[in-house]
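Colleague: Sequence plus predicted model, see below.
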Amino acid sequence: MSKRVKEILSWYGSDSPGTLASLARLLNHGRLAGTGKLVILPVDQGFEHGPARSFAKNPAGYDPRYHFELAVEAGCNAYAAPLGFLEAGAAEFAGDIPMILKLNNSDSLYGGEDPCPAITGSVGDALRLGCSAIGFTIYPASGARNEMYAQIRELAEEAKAVGLAVVIWSYPRGSGISKDGETAVDVVAYAAQIAAQLGAHLIKVKPPTEHIEQDAARKVYESEKIPIGTLAERVRHVVQSAFNGRRIVIFSGGAAKSKDAVIEEIRGIAEGGGFGSIVGRNSFQRPKNEAIDLLHEIMDIHKNA
Amino acid sequence: MSKRVKEILSWYGSDSPGTLASLARLLNHGRLAGTGKLVILPVDQGFEHGPARSFAKNPAGYDPRYHFELAVEAGCNAYAAPLGFLEAGAAEFAGDIPMILKLNNSDSLYGGEDPCPAITGSVGDALRLGCSAIGFTIYPASGARNEMYAQIRELAEEAKAVGLAVVIWSYPRGSGISKDGETAVDVVAYAAQIAAQLGAHLIKVKPPTEHIEQDAARKVYESEKIPIGTLAERVRHVVQSAFNGRRIVIFSGGAAKSKDAVIEEIRGIAEGGGFGSIVGRNSFQRPKNEAIDLLHEIMDIHKNA
Amino acid sequence: MSKRVKEILSWYGSDSPGTLASLARLLNHGRLAGTGKLVILPVDQGFEHGPARSFAKNPAGYDPRYHFELAVEAGCNAYAAPLGFLEAGAAEFAGDIPMILKLNNSDSLYGGEDPCPAITGSVGDALRLGCSAIGFTIYPASGARNEMYAQIRELAEEAKAVGLAVVIWSYPRGSGISKDGETAVDVVAYAAQIAAQLGAHLIKVKPPTEHIEQDAARKVYESEKIPIGTLAERVRHVVQSAFNGRRIVIFSGGAAKSKDAVIEEIRGIAEGGGFGSIVGRNSFQRPKNEAIDLLHEIMDIHKNA
Amino acid sequence: MSKRVKEILSWYGSDSPGTLASLARLLNHGRLAGTGKLVILPVDQGFEHGPARSFAKNPAGYDPRYHFELAVEAGCNAYAAPLGFLEAGAAEFAGDIPMILKLNNSDSLYGGEDPCPAITGSVGDALRLGCSAIGFTIYPASGARNEMYAQIRELAEEAKAVGLAVVIWSYPRGSGISKDGETAVDVVAYAAQIAAQLGAHLIKVKPPTEHIEQDAARKVYESEKIPIGTLAERVRHVVQSAFNGRRIVIFSGGAAKSKDAVIEEIRGIAEGGGFGSIVGRNSFQRPKNEAIDLLHEIMDIHKNA
Amino acid sequence: MSKRVKEILSWYGSDSPGTLASLARLLNHGRLAGTGKLVILPVDQGFEHGPARSFAKNPAGYDPRYHFELAVEAGCNAYAAPLGFLEAGAAEFAGDIPMILKLNNSDSLYGGEDPCPAITGSVGDALRLGCSAIGFTIYPASGARNEMYAQIRELAEEAKAVGLAVVIWSYPRGSGISKDGETAVDVVAYAAQIAAQLGAHLIKVKPPTEHIEQDAARKVYESEKIPIGTLAERVRHVVQSAFNGRRIVIFSGGAAKSKDAVIEEIRGIAEGGGFGSIVGRNSFQRPKNEAIDLLHEIMDIHKNA
């Protein structure tokens, strides 16, 4: 095992050999194996946004096998999806790529200002499908946040007991903050801290903007002159906020956009010390060859950062 | 076993031999045995609409044995009903027809804009009655949707662990959408996707209309020029939305109507690649001979599609 | 065992020998033993209406032993009461009369338009007290109906697993219907259907009036010309609505009234094919001899129907 | 064992020898041992009203050991308190006095018109501390009453299974009744009935006033001419309402008041057939000697009644 | 073991040897070992206030190892933190310092006037991390207080059964009291009493002010002339309110402030008989040497009190 992976594993001293091995599986797979960086393919948009909005642009994606193939061929570290999508390929692709079972999901046929995803999978499902980790979304700033925290607390304890790793999608959202606040730098840093305190091994947040949401935080950012002018600086602050860099923090790609825009963002993340990217719509909504090219370019940026 | 049934079973690679055998039992029974198509008789209207509205037109239907007989004589693939109706015939008709125990139901003595059915049966009940599958209704777009998703998640995990198949009735309904939206093509396709992601083996939806409910979806239907002009096209889109046709999707018959109207609808479903029909009121509210004739005609259309 | 009791038991083919034996115990006890008819003494008014309103008229009834004695001496098929009342006599009268433990109860110190009784006993209590059945009240049309359905579903599964019978008091009540609707013929028939679908062996409803509550139902009663002009006709319809007479349906006596009024009502119930009566206040609020005379008269009407 | 205690135990024929022995322990301890009467020291005011309001008047009471000493020295039948107070003395005073662990409690830092105490102890706690009984408060007439009933149902079943006795404090309170209604004679009698139906062995209510709260009850009190003019008559009615005197009913002392006022009230309770008193603030807020004198006087009145 | 520690342990006669040993571990560690006094380092501000507000002033604190080091080097009795922070150092610092796992936490991305922390850890987590105690925050005066009381009741029972000690942070807050009331002397004393009654071994409250919040309490403070003019007097009253000093009560340091202000407050606490201090922001937001100096000064004041 590479020195860097050994170093990363050393941060997780409270975990069992089983969970460390699962973490190592994520870190040692694909084109970034051994680098300590990760690029993960997540495909939960079918559930979250509906099938046409997710897959009509590249209809191959209606087929759950497509995403396994994409993740494997692109050399991603792992593939993350809800129960149904994993069930539909886990046997055929057994051993081909580490899987992360998303244990909760929201659909968009119903709104509400204080969202809470539904539990849609279990640790037992993750085990029977051969996954390396569970994934879970929390919405800090939602009136229902405590329910989510309590759920992941219980699921994480269960997962760690059976040797799985725990990945938390920490997406502030709800009546506690403004729309701009969802990606405000203070809020994203806070979101990373919450996920770390909840026991996540791997944390996924959104790239932070320069906006500061909370007055009590603004005072500190100003008095301590925390640099947040560039994306790299903000990413550095977020990574620091996750136990001074001793928890793996990766960044989402967000809405589908031009390749140049994606690449520029990735450079900022890599420069700021982000551990990698999780790229959904920007990969599976492109033709496979284009997607693989883009993913490789992203991987190379992270590798060479 | 027919090649087609073998092919269908191959889509469910994550399932145990027990569950595959239960699925096979549904696919290999009745006049459509081996064709990969299904026509199922569901009778939960006594609970959902009340006895007189359901059975007064053909009073033989007050007797729970009648529906077993009808399903057997018509050569349906399976018979689906709530606990009481199955308890009242399961012993007498043991082995005569695969049964699906509906595990949740709503009555219409109380309304409310965000419906959630009551849990009215268990996996243990399904086993002791000799059923091949559990059935469960979800109402995406209801404020209570997450409760239903969490319930079926747990029940489905339990069912799969004991070798049962899982059938989800996915009927969008509630304050998240309009009345027309309940059968909008984008919403029905989304409903099929949600059921598939929740781990359903067999999905039941309503025949979709040309209406598009959600603005975010309309953009995609227009930009990607998804064909939805005919029922066959819409059914094809819905089937594609259920893992590119790798999940069994069948369509409900809806309110009682003229035979011609029923048949026309079935032709559209069959032409669009639907896996079959689930026909309740249009069969058991007709005299038995007429019902059997109609069911045979429906079966023939599916068979020859 | 009588032919009629054997016939009735044959309707419950899904039940274990233990539960069939419990049902048989109810059918084979007292003056109506073997007739297929039942008269049951229920005494939950102390809990439901308070002690003075229940027992002051005939103060012997304050003593829980009185009701055991009354049920035994009158030759009732069974005695039904909440936990405390049964605990206070179960040992002394062990083996003297089949008991039904009411597992939920409401008091009238608090109102609310969508009632839900409290759970006040368990299947374990029923077993340790030597009961033959559990009793449970549902209020269809209450906003809390689903909670009750889910409770009885779970309790009924548990009861059946240990050889007890299940009795459901199905009393529509709550914001879903009007006050008159509580005894409307369509609603009472629907209530019987719901209880049957929930897996009840024995269903208790109120005598139905000619009123029709729901518009959707009225259309069918009119178009199908369902006869509901006399109490006997309405009772016949309700019994038909409980699986075409293949579930035992008995009728409550309602508020205390003159003997003549009681008798007239019983005649209607018996003529309509009701399986019997459950008579509380009209028996225990009368002096014991009068009560026994009345109960005997009621039994005779049912016996000779 | 005295004849009277044997008689009282005979009322609890459904209970195990273990629970009967626990009940006997309460009845056979202290100065009233064997008389069938009980005087119990309850000290939950620290939790319910706060420490200063409870103990500042007689600061010895801040120390949890004081109340054990008081109960032992005064020769009470039992000492009842919440978890913390019992934990702080149970070992030191092991075997000196029967203990009742109060399993739920309310504090007064938060109001609300439909109160529900918090669960603050368990049957397991009662066992490990060597208690003879669990204590539980219900607030009939609160919107949350059903939650409390369901809690005590479960706790009582558990307690009885391990040989403990069950004491219910039945204090109507909440939006279902008026402030005066809390001690109205019809309401207190109803409260005693509810506790008895819930399976209590020993019931604690407040001394009833002449007020009648509910119209439906008033009609019966008037038509049946139930005597309620004196406290003794009202107590007699309440005791009758608890299974015709076949459940132990004791009365609370209420707010601290003059010795004469206390004594007069006790005489009424004793004359009316009350089984004893539970005297908190009126004992522990007095100097110990005065308290013991008062308790002895109370005991003598009950003994000689 | 020192006489004082033996004396303190003697107050916990209901606890198992395992729990007594855990308590002894807290009392016998660090510079105050054996004195019966405690100074504890708590670091949950990352979760409660966010990372920048907590750690930007002294960025070494972003690293979870820093706080272990600080607690060890300063000679604190124990270190208290949420799950993530303990997981990130428990192995590296195993055996170096007793740990308290905070089992619930609130973040400040969402407000609400009746707060309730989320459960974020378990007794099982505390055991696997090698902790000596669990920590839990209750908010008396919140509309959600009963939920918290029920949670800690259950967790405390579980913790005691496996030999852990129980620390309760008792911070009145919510719609039941005013902002000033949160530190009012009557309210803080009441908070200490509640924690003690809930079974806490060690209670943490805020230093009380002279304000009296509740009218019913004010009467008693005035009539009984309870001295509350100085901080020492108020602390004495609070300690008395925790079972007359037979439960360990320590006081929080509150918001970061000048060293002089901190020291003056500590003198008052020590003079009033407080068992020690729990100092978070005032230690870890200072440079390490300054923090250690301050902690030593605090320890000396407590030691010499």
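Modeller: Received it, and whenever you're ready, just let me know what you need.
Colleague: Report whether stretch A:161-170 contacts chain B.
Modeller: No - judged by CB under 8 Å from any CB of the partner chain, stretch A:161-170 makes no contact with chain B; its nearest approach is 15.2 Å. C-beta here means a position set from N, CA and C on the backbone, and glycine is covered the same way.
Colleague: got the buried residues for that stretch?
Modeller: Within stretch A:161-170, the residues that qualify as buried are A:163-170, counting by 16 or more other CB atoms under 10 Å in any protein chain shown.
Colleague: and those residues, which of them are in strands?
Modeller: A:165-170 (DSSP state E).
Colleague: Just the closest of the buried residues of stretch A:161-170 to residue B:277, please.
Modeller: Ranked by distance to residue B:277 (CB to CB), those are led by residue A:169 at 39.4 Å.
Colleague: For the residue lying closest to residue A:137 once chain neighbours are set aside, list each beta-bridge partner.
Modeller: In this structure, residue A:137 finds its nearest non-sequential neighbour in residue A:169, 4.1 Å apart by CB to CB, 6 or more residues apart in numbering or on different chains. Beta bridges link residue A:169 to residue A:137, residue A:204 when assigned by DSSP bridges.
Colleague: So for residue A:169, what's the pLDDT?
Modeller: Per-residue pLDDT puts residue A:169 at 98.
Colleague: now swap in residue A:50 and tell me
Modeller: Looking at residue A:50, the pLDDT reads 97.
Colleague: would you list every one of the strands in chain A?
Modeller: Assigned by DSSP E, the strands in chain A fall at A:38-42, A:78-81, A:99-102, A:104-105, A:118-119, A:133-138, A:165-170, A:202-205, A:248-252, A:276-278.
Colleague: Now the second one: average pLDDT?
Modeller: This points to strand A:78-81. Averaged over strand A:78-81, pLDDT sits at 98.
Colleague: List the neighbours of it that are in contact with it.
Modeller: A:26, A:29, A:38, A:40-44, A:64, A:67-68, A:71-72, A:97-102, A:132-133, A:135, A:167, A:278 (CB atoms under 8 Å, 6 or more residues apart in numbering or on different chains).
Colleague: Check the fourth one too.
Modeller: Among residues not part of strand A:104-105, those counted as contacts by CB under 8 Å, 6+ apart are A:44, A:47-48, A:82, A:117-121, A:136-137, A:148, A:151, B:197.
Colleague: Which residue comes closest to the closest residue to chain D within the stretch 151-300 of chain A once chain neighbours are left out?
Modeller: Ranked by CB to the nearest CB, the top residue of the stretch 151-300 of chain A for proximity to chain D is residue A:154, at 20.3 Å. Sequence neighbours aside, residue E:122 is the residue nearest to residue A:154 in space, at 7.8 Å (criterion: CB to CB, 6+ apart).
Colleague: List the contacts of the one you found.
Modeller: Residue E:122 is in contact with A:153-154, A:157, E:103, E:155, counting by CB under 8 Å, 6+ apart.
Colleague: pLDDT wise, what is it at?
Modeller: pLDDT at residue E:122 comes out at 98.
Colleague: Could you measure from it over to residue D:207?
Modeller: Relative to residue D:207, residue E:122 is positioned 46 Å away (CB to CB, to the nearest Å).
Colleague: out of the strands of chain A, nearest to residue C:3?
Modeller: strand A:118-119 (53.0 Å).
Colleague: Run through who's touching that closest one.
Modeller: Strand A:118-119 is contacted from outside by A:103-106, A:151, B:145-147, B:149-150, B:153, using CB under 8 Å, 6+ apart.
Colleague: So for it, mean pLDDT?
Modeller: Rounded mean pLDDT across strand A:118-119 is 98.
Colleague: That strand pairs with which strands?
Modeller: With DSSP bridges as the test, strand A:118-119 is paired with strand A:104-105 (antiparallel).
Colleague: Off-centre distance for the partner strand?
Modeller: 13 Å (CA atoms, centre = their mean, to the nearest Å).
Colleague: Ok, stretch A:275-293 next?
Modeller: Stretch A:275-293 sits 14 Å away from the centroid of its parent chain (CA atoms, centre = their mean).
Colleague: residues of that stretch that come out buried?
Modeller: A:275-286, A:288, A:291-292.
Colleague: show me where pLDDT drops low in chain A?
Modeller: The model of chain A has pLDDT under 70 over residues A:254, A:256.
Colleague: Centre-most residue in it?
Modeller: Compute the mean C-alpha point of chain A, and by CA atoms, centre = their mean the closest residue is residue A:204, 3.4 Å away.
Colleague: ok, it touching residue A:170?
Modeller: Yes - the criterion here is CB atoms under 8 Å, and residue A:204 meets it with residue A:170 at 6.9 Å.
Colleague: Spell out, range by range, the helices that occur in the stretch 51-200 of chain A.
Modeller: Remark: helices assigned in the stretch 51-200 of chain A by DSSP state H, counting those that start in this stretch are A:51-55, A:64-74, A:83-87, A:123-128, A:145-161, A:185-197.
Colleague: ranking those by burial, who's on top?
Modeller: Mean neighbour counts were taken over those using mean count of other CB atoms under 10 Å in any protein chain shown, and the top value, a mean of 30, falls to helix A:185-197.
Colleague: For that one, enumerate the helices and strands it packs against.
Modeller: For helix A:185-197, the contact count by 3 or more CB pairs under 8 Å, 6 or more residues apart in numbering or on different chains; DSSP states H and E identifies strand A:165-170, strand A:202-205, helix A:215-223, helix A:231-241, helix E:45-49, helix E:51-55, helix E:83-87 as packing neighbours.
Colleague: Near chain E, which residues of the stretch 201-305 of chain A? Just list them.
Modeller: So far as CB under 8 Å from any CB goes, the stretch 201-305 of chain A lies against chain E at A:214, A:216-217, A:220-221, A:224, A:226, A:237, A:240-241, A:243-244, A:246-247.
Colleague: Can you verify my assumption that residue A:296 contacts residue A:39?
Modeller: No - using CB under 8 Å as the test, residue A:296 is too far from residue A:39 to be in contact (9.2 Å).
Colleague: any idea how far residue A:229 is from the residue sitting furthest away from the middle of chain A?
Modeller: Seen from the C-alpha centroid of chain A, the residue lying at the greatest distance (CA atoms, centre = their mean) is residue A:223, 31.5 Å away. Distance of residue A:223 to residue A:229, computed by CB to CB: 17 Å.
Colleague: For residue A:32, give me its contacts.
Modeller: Residues in contact with residue A:32, defined by CB under 8 Å, 6+ apart, are A:38-39, A:75, A:77, A:276, A:299, A:302-303.
Colleague: what do you get for residue A:34?
Modeller: By CB under 8 Å, 6+ apart, the residues touching residue A:34 are A:1-2, A:4-5, A:27-28.
Colleague: Not including adjacent chain positions, what is the nearest residue to it?
Modeller: Excluding the flanking residues, the one nearest residue A:34 by CB to CB, 6+ apart is residue A:2, at 3.7 Å.
Colleague: Tell me, how many residues neighbour the one you found?
Modeller: Residues near residue A:2, counting by other CB atoms under 10 Å in any protein chain shown, number 13.
Colleague: Repeat that for the one 5 residues further on.
Modeller: Close neighbours of residue A:7, defined as other CB under 10 Å, add up to 11.
Colleague: so it sits right up against residue A:36, yeah?
Modeller: Yes - using CB under 8 Å, residue A:7 makes contact with residue A:36 at a distance of 7.5 Å.
Colleague: returning to that earlier point: measure the residue nearest to the centre of chain A to residue C:255 for me?
Modeller: Distance, residue A:204 to residue C:255, by CB to CB: 64 Å.
Colleague: now do residue A:298
Modeller: As for residue A:298, its distance to residue C:255 is 77 Å (criterion: CB to CB).
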